[in-house]
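A.B. asks: please find the sequence and the predicted model below.
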Amino acid sequence: MLAIENILVRYGSITALHDISIKVQTGELVALIGANGAGKTTTLMTVAGNLKPVTGAIQFENTSIAGLSPEQIIRKGIAIVPEGREIFASLTVEENLKLGAYIRRDRSEFKRDLDETVTMFPILGERIHQQGGTLSGGEQQQLAVARALMSHPKLLMMDEPSLGLAPALVDQIFELIVKLHDSGMTILLVEQNVERTLNIVKRAYLLKNGRVEAEGAPEVIRKHVDIESVYLGSKVN
Amino acid sequence: MFSIDFLINALSLGSLYALIALGLVIVYGILKLVNFAYGELIMVGGYALFMLANLPALPWLVMALIAVTIAMLTSYLTERVAFRPVREKSLTAMLITSFAVSTLLQNAALLIVSSRSRAVQFPAIFSGSVRLGNVDIANRNILVIVTSSLLLFALTLLLKRTILGIALRAAADKFQMTRMLGVPANLIISVAFVISGLLAGVVSLFWIGRVGSVTPTIGLSPLLIAFVATVIGGMNSLEGAVVGGYLYGILFSIISLILPQNLLDYREAFMFSIVILILLFKPEGLIRGTYSGERVG
């Protein structure tokens, strides 16, 4: 479905991605793992249209999407749950979701989509008229995912959804990801929580310094990952 | 001391200042750009009205609507022609561009019309008054209050009830994220500039209605008012701009009323002293902006 081919991405004079090639087949749940600064978010942002690769190509369902604007990318069927959630704090939960459905012409379907959202995320239903900024971190994460789903995407990209969440909520997020995948969503997941991530995916890429260091099944990745040195912290259980 | 006609006067000034401030903040909120050419939109409205007076067949209301439309069009065009090309480059480039547009428009007025002030005709209703009990209330004040209330109401409806309005508010919060949801950046920015032009156009009718004439530099004073009002009200929110505008107008009216005759020339100094005091205690403005802190955890 998605094929990133040898992309080179720069921030001004700094090269963030040297030569990245990543594939996601329809229906897969694929992970991008790596330390801070490895280029995971940059990769997602390039697919999302916020950055333009200097060289290389990005194919989505056999169309070239490299260099398209963010407005065009979502219309191709790629939605993103960005790093830091990017919830509109001054808008209500409902308004956040309404915007998530912006590209859907049939506004009448919004009611139905909203009901489905509330079923999947009951807490959002409770807080439907509250301002987004008053939600807790975990609730905002759910809102960010729900908002992305409102556009009925073909590919869902998630950037560090468990970041900053309490351990119990991290469980919830990973359960949510598995649930979404089981229901047929193609997901490209960027995560810092290496162990948890490798437990739920069949295939992953390890990024380091803007290059793909390793790719393949979780065992392959685990061999390459020395968690102590990569994260300068204790091993995540 | 605070008689009915004083209150209406203060409210009318406050309403006008609220509109002025709002026109500036609506662009600032989304683009983070202080449009220094904003005052010139008011000037353009005034000159449009002046030139349309040469077509005596038109009823004044039609001329006013055309003048407002011209202000909106000018605002839209300045965005398309001057700001859009530099938008990607940097905020500083846009800021300098706004100075350039301001200078351009002022000089255009200078060249096309004259550097001297030009009288602008207003219908008799503007100078008349209405009797309430034993007090005379200027029609002009009532018109300002009614028009601004309607305009604020309409804008509130737009912002709260329409998807475009929701998109505008979201864009002021997180512009790039709004784009990632498919909202076209150019549309949002154009709409913001058009609304800014609408407000400037309406303001020009009443501002020039009070002064009676238009000059190329007439936009400077409202621009300053817009700055001060938004700064005391809070630059990050539309509500702040409106509150700041009303507060400025009302405070200024009170100062004008209670100052002794010999100090009346220093009203502005007193006003700005109060502004300094407000900022000392509340530097971010009186109204807390679009929810600035995210809860973590």
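C.D. replies: Okay, I see it.

A.B. asks: A:Tyr102 belongs to a helix?
C.D. replies: No: the assignment for A:Tyr102 (DSSP: H, G, I helix; E, B strand; the rest coil) gives coil, which keeps it out of a helix.

A.B. asks: and it, how close does it get to A:Ala148?
C.D. replies: The gap separating A:Tyr102 from A:Ala148 is 12 Å, by C-beta to C-beta, to the nearest Å. Just so you know, the C-beta spots here come from the backbone N, C-alpha and C atoms, and that holds for glycine as well.

A.B. asks: same question for B:Gln106.
C.D. replies: Applying C-beta to C-beta to B:Gln106 and A:Ala148 gives a distance of 47 Å.

A.B. asks: how about A:Ile33?
C.D. replies: 21 Å.

A.B. asks: who's more crowded, these two?
C.D. replies: A:Ile33 (27 against 21; other C-beta atoms under 10 Å in any protein chain shown).

A.B. asks: now the more buried one: phi and psi?
C.D. replies: Dihedral pair for A:Ile33: phi -120, psi 150, per degrees, to the nearest 10.

A.B. asks: what residues are bridge-paired with it?
C.D. replies: Note on A:Ile33: beta-bridge partners A:Glu191, A:Leu206, judged by DSSP bridges.

A.B. asks: doesn't A:Ile221 make contact with it?
C.D. replies: Yes: the criterion here is C-beta atoms under 8 Å, and A:Ile33 meets it with A:Ile221 at 6.6 Å.

A.B. asks: between the two, which contacts overlap?
C.D. replies: Counting by C-beta atoms under 8 Å, 6 or more residues apart in numbering or on different chains, the shared contacts of A:Ile33 and A:Ile221 are A:198, A:204, A:206.

A.B. asks: so what's the last one up against?
C.D. replies: Residues touching A:Leu206, when contacts are defined by C-beta under 8 Å, 6+ apart, comprise A:33-34, A:212-215, A:221, A:224-225.

A.B. asks: check those and tell me the two furthest apart.
C.D. replies: Farthest-apart pair in those is A:Val212 and A:Val225; separation 13.4 Å (C-beta to C-beta).

A.B. asks: by mean pLDDT, flag the weakest helix or strand of chain A.
C.D. replies: helix A:227-231 (a mean of 52; mean pLDDT, DSSP states H and E).

A.B. asks: give me the neighbour count for A:Asn36.
C.D. replies: 11.

A.B. asks: distance of the residue lying closest to it once chain neighbours are set aside from chain B?
C.D. replies: Sequence neighbours aside, A:Gln192 is the residue nearest to A:Asn36 in space, at 7.9 Å (criterion: C-beta to C-beta, 6 or more residues apart in numbering or on different chains). The gap separating A:Gln192 from chain B is 16 Å, by C-beta to the nearest C-beta, to the nearest Å.

A.B. asks: ramachandran coordinates for A:Gln192?
C.D. replies: According to degrees, to the nearest 10, A:Gln192 has phi -100, psi -20.

A.B. asks: so who does it touch?
C.D. replies: A:33, A:36, A:160, A:162-163, A:231.

A.B. asks: report pLDDT for it.
C.D. replies: A:Gln192 is assigned 84 on the pLDDT scale.

A.B. asks: B:Gly289 too?
C.D. replies: 60.

A.B. asks: now swap in B:Ser213 and tell me
C.D. replies: Taking B:Ser213 on its own, its pLDDT is 87.

A.B. asks: what strand or helix carries the residue lying closest to A:Arg203 once chain neighbours are set aside?
C.D. replies: Spatially, and ignoring its direct neighbours in sequence, A:Arg203 is nearest to A:Val30 (5.3 Å; C-beta to C-beta, 6+ apart). Element membership of A:Val30, judged by DSSP states H and E, is strand A:29-34.

A.B. asks: next SSE after that strand?
C.D. replies: Next along the chain after strand A:29-34, taking DSSP H and E as the criterion, comes helix A:40-48.

A.B. asks: which other helices and strands does that next one contact?
C.D. replies: strand A:2-11, strand A:14-24, strand A:29-34, helix A:70-76, strand A:78-81, strand A:155-159, strand A:186-191 (3 or more C-beta pairs under 8 Å, 6 or more residues apart in numbering or on different chains; DSSP states H and E).

A.B. asks: can you tell me the centre-most residue of chain A?
C.D. replies: A:Met158 (1.2 Å; C-alpha atoms, centre = their mean).

A.B. asks: what is the burial count for the residue nearest to that one when sequence neighbours are not counted?
C.D. replies: Residue nearest to A:Met158 in three dimensions, not counting chain neighbours: A:Val81, with 4.5 Å by C-beta to C-beta, 6+ apart. Residues near A:Val81, counting by other C-beta under 10 Å, number 24.

A.B. asks: follow-up on the earlier one: roughly how far does the residue nearest to A:Arg203 sit from chain B?
C.D. replies: 20 Å.

A.B. asks: what's near enough to touch that residue?
C.D. replies: A:22-24, A:187-189, A:201, A:203-205.

A.B. asks: show me which of these are buried.
C.D. replies: Neighbour-count burial (16 or more other C-beta atoms under 10 Å in any protein chain shown) applied to the contacts of A:Val30 gives A:22, A:24, A:187-189, A:201, A:203-205.

A.B. asks: need the contact list for B:Asn35.
C.D. replies: B:24, B:27-28, B:98, B:196.

A.B. asks: can we see that at 6 Å?
C.D. replies: B:27, B:98 (C-beta atoms under 6 Å, 6 or more residues apart in numbering or on different chains).

A.B. asks: secondary structure class for it?
C.D. replies: Secondary structure of B:Asn35, per three-state DSSP, is coil.

A.B. asks: measure how buried residue 136 is and give me the count.
C.D. replies: All of this refers to chain A. A count of nearby residues for A:Ser136, using other C-beta under 10 Å, gives 16.

A.B. asks: switch to chain B, please.
C.D. replies: Neighbours of B:Asp136 using other C-beta under 10 Å come to 13.

A.B. asks: any idea what it is bridged to?
C.D. replies: B:Arg131.

A.B. asks: and it, how far is that from chain A?
C.D. replies: 43 Å.

A.B. asks: what ranges do the strands span in the stretch 151-297 of chain B?
C.D. replies: With DSSP state E, counting those that start in this stretch as the criterion, the stretch 151-297 of chain B has strands at B:213-214.

A.B. asks: if I look at the residue nearest to B:Glu40 when sequence neighbours are not counted, how far off is B:Leu151?
C.D. replies: Leaving aside its chain neighbours, B:Glu40 sits nearest to B:Leu105 (3.9 Å; criterion: C-beta to C-beta, 6+ apart). From B:Leu105 across to B:Leu151, the span is 23 Å (C-beta to C-beta).

A.B. asks: same check on B:Ser253?
C.D. replies: Distance, B:Ser253 to B:Leu151, by C-beta to C-beta: 21 Å.

A.B. asks: what residue in chain A comes nearest to chain B?
C.D. replies: Closest residue of chain A to chain B, C-beta to the nearest C-beta: A:Gly133 (3.5 Å).

A.B. asks: for the stretch 101-250 of chain B, what lies in contact range of chain A?
C.D. replies: B:166, B:170, B:173-174, B:177, B:179-184 (C-beta under 6 Å from any C-beta of the partner chain).

A.B. asks: filter those down to the buried ones.
C.D. replies: Looks like those have B:166, B:170, B:173-174, B:177, B:179-184 buried, using 16+ other C-beta under 10 Å.

A.B. asks: leaving out chain neighbours, which residue sits closest to residue 188?
C.D. replies: Here I'm looking at chain A. Nearest to A:Leu188 is A:Met157, by C-beta to C-beta, 6+ apart, at 4.7 Å.

A.B. asks: switch to chain B, that's the one I care about
C.D. replies: B:Ala171 (4.7 Å).
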